[in-house]
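[1] Quick one, fold the following:
(chains A, B, C and D)
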Protein chains: 2
Amino acid sequence: MTGLRERQKADRTGRILDAASRLFRAQGYDAVRIEDIAAAAEVSAGTCYNYFSTKGDLLLAIVSMEVEEVVDAGRTLVENPPASTALALGSLIRLYYDHSLHYLSKEMWRKAMAFSIEAPGTPFSQRYTELDAMLSAQVCDLIGALQRRGLARPDLEPATLGQIVFNTLNQMFIEFVKADAMPLADLHRTSDAQTESLAVLMRV
Amino acid sequence: MTGLRERQKADRTGRILDAASRLFRAQGYDAVRIEDIAAAAEVSAGTCYNYFSTKGDLLLAIVSMEVEEVVDAGRTLVENPPASTALALGSLIRLYYDHSLHYLSKEMWRKAMAFSIEAPGTPFSQRYTELDAMLSAQVCDLIGALQRRGLARPDLEPATLGQIVFNTLNQMFIEFVKADAMPLADLHRTSDAQTESLAVLMRV
DNA sequence: GAAAAAGATTGAGTTCGTTCAATTTTGAAG
DNA sequence: CTTCAAAATTGAACGAACTCAATCTTTTTC
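    Coordinates of the predicted model:
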């Protein structure tokens, strides 16, 4: 079943991802050359291109792993939502935001977002877009749950409202990563204010 | 007042912008080398870098000129808004969308958006961000005008609602330029549906 | 009007992402 | 175990964005 070839493949993929992740965080995306990653992973530069189509796609693979974790964490929260609209939305959004800089720098986020717009057809760009859609769906699910509990006006599609909320939190996050000097606390403040407004909009 | 040096500077800037704009549209951003632009503008490659810090910033200068036109056109519409919420929003959004591909290809938009996230500090990246804010402000203005005419619920900040509407239309546009095969008509359809929902949300 | 200073242009050189033909490694068949 | 085909690795070569020391042009000074 798992021949030598497959094991080596998985091993090399892991080593490349680990090396890239560590180096990107430590030295910055631009400062790290493919050769550096290859050296740290004990392969040649050419081999990196066997596994990842471009440097940007390699970054997106790393970012995607992070987003997967956030999706998992979010699932738990959506299954047991806090007992008010603003609190429920606020908690989910804070979960997303607080995870975001745990393993990734703002620069990595900027480059990743840029690359996913610039090269939407690349394998990990598609994966990243998929994960974004999952986050958006999660917000929709939460709003659906709130409606069923009578905590949000029932005359609006949860999908529509969820999209709106997700677009808003996503845009705030983009502005956050674009401003290197902006602390996470500022994002929280802006977000809390917007969430409050959105909760008003959704009030029964 | 306007010495030879200044005139030459303006002339060269214009020639570089013209050449780049024409070549990007005709051959695609990636296919055009700085040397090609320099040759078409009758300067050297180095000179391009005196005027624009990077190839991406040169693209953003071109895109910004286009967005300036859209902002001007939008101003006229906001001053005389159509007589219903959905129609007013729909007209403004359609104005934005229809202008968008007049002089710029989807590829140019993708690269421009990517670059503005990736390198937010660059001169024309800042200009582009400013122009985006102006579009957003325009939507807010329109909503304010609708409120004053009694066409939108007055208990919500126009700034908040405007942000929501702008984020939504912006996100739809990003998805449009990310999908090369998607025709403008599809964007219109999706947008009309979303606008309808947003109008419901804003109803008095 | 000549000389010096300031500003701009130039293109050869550097760097790094990416490609690809040659080579090596792995797995299967006889 | 040997042979062969398929798959993967390699690193040298390529191309294009960007840099910079030398050169040229414009403006200012006296």
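
[2] Check the gap between A:Thr195 and A:Gln171 for me.
    Note on A:Thr195: its distance to A:Gln171, by C-beta to C-beta, to the nearest Å, is 13 Å. Every residue, glycine included, has its C-beta placed from N, CA and C.

[3] check which helix or strand covers the residue sitting nearest the centre point of chain A.
    Centroid check for chain A by C-alpha atoms, centre = their mean gives A:Val67 as the closest residue, at 3.7 Å. Secondary structure assigned from DSSP states H and E places A:Val67 in helix A:55-79.

[4] Next secondary structure after that helix?
    helix A:85-100.

[5] could you turn that next one into CSV, dropping everything but the C-alphas?
    Provided in CSV are the C-alpha atoms of helix A:85-100 (Å, rounded to 0.1, in the frame of the first residue of the first chain):
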residue,chain,number,x,y,z
THR,A,85,-26.7,37.9,18.4
ALA,A,86,-23.9,40.4,19.1
LEU,A,87,-22.1,38.0,21.4
ALA,A,88,-22.4,35.1,19.1
LEU,A,89,-21.1,37.0,16.1
GLY,A,90,-18.5,38.7,18.2
SER,A,91,-17.2,35.4,19.6
LEU,A,92,-16.9,33.8,16.2
ILE,A,93,-15.2,36.8,14.6
ARG,A,94,-12.8,37.1,17.5
LEU,A,95,-12.0,33.4,17.2
TYR,A,96,-11.0,34.0,13.5
TYR,A,97,-9.0,37.1,14.2
ASP,A,98,-7.1,35.8,17.2
HIS,A,99,-6.0,32.6,15.4
SER,A,100,-4.8,34.6,12.4
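
[6] Does that helix reach chain B?
    No. Legend: contact between helix A:85-100 and chain B by C-beta under 8 Å from any C-beta of the partner chain is lacking; minimum distance shown is 13.8 Å.

[7] Which positions in chain A make contact with DNA strand C?
    Residues of chain A lying close to DNA strand C (C-beta under 7 Å from any atom of the strand) are A:3-6, A:8, A:30, A:32-35, A:45-46, A:49, A:53-56.

[8] Show me just the buried residues among the residues you listed.
    A:Val32, A:Ile34, A:Ser53, A:Thr54, A:Lys55, A:Gly56 (16 or more other C-beta atoms under 10 Å in any protein chain shown).

[9] Just flag the most distant two among the residues you listed.
    A:Val32 and A:Ser53 (17.3 Å; C-beta to C-beta).

[10] quick one: contacts for A:Arg189?
    By C-beta atoms under 8 Å, 6 or more residues apart in numbering or on different chains, no residues touch A:Arg189.

[11] shaky segments in chain A?
    A:1, A:4, A:204 (pLDDT under 70).

[12] Enumerate the residues of chain A near DNA strand D.
    A:Arg5, A:Gln8, A:Lys9, A:Arg12, A:Val43, A:Ser44, A:Ala45, A:Gly46, A:Thr47, A:Tyr49, A:Asn50, A:Tyr51.
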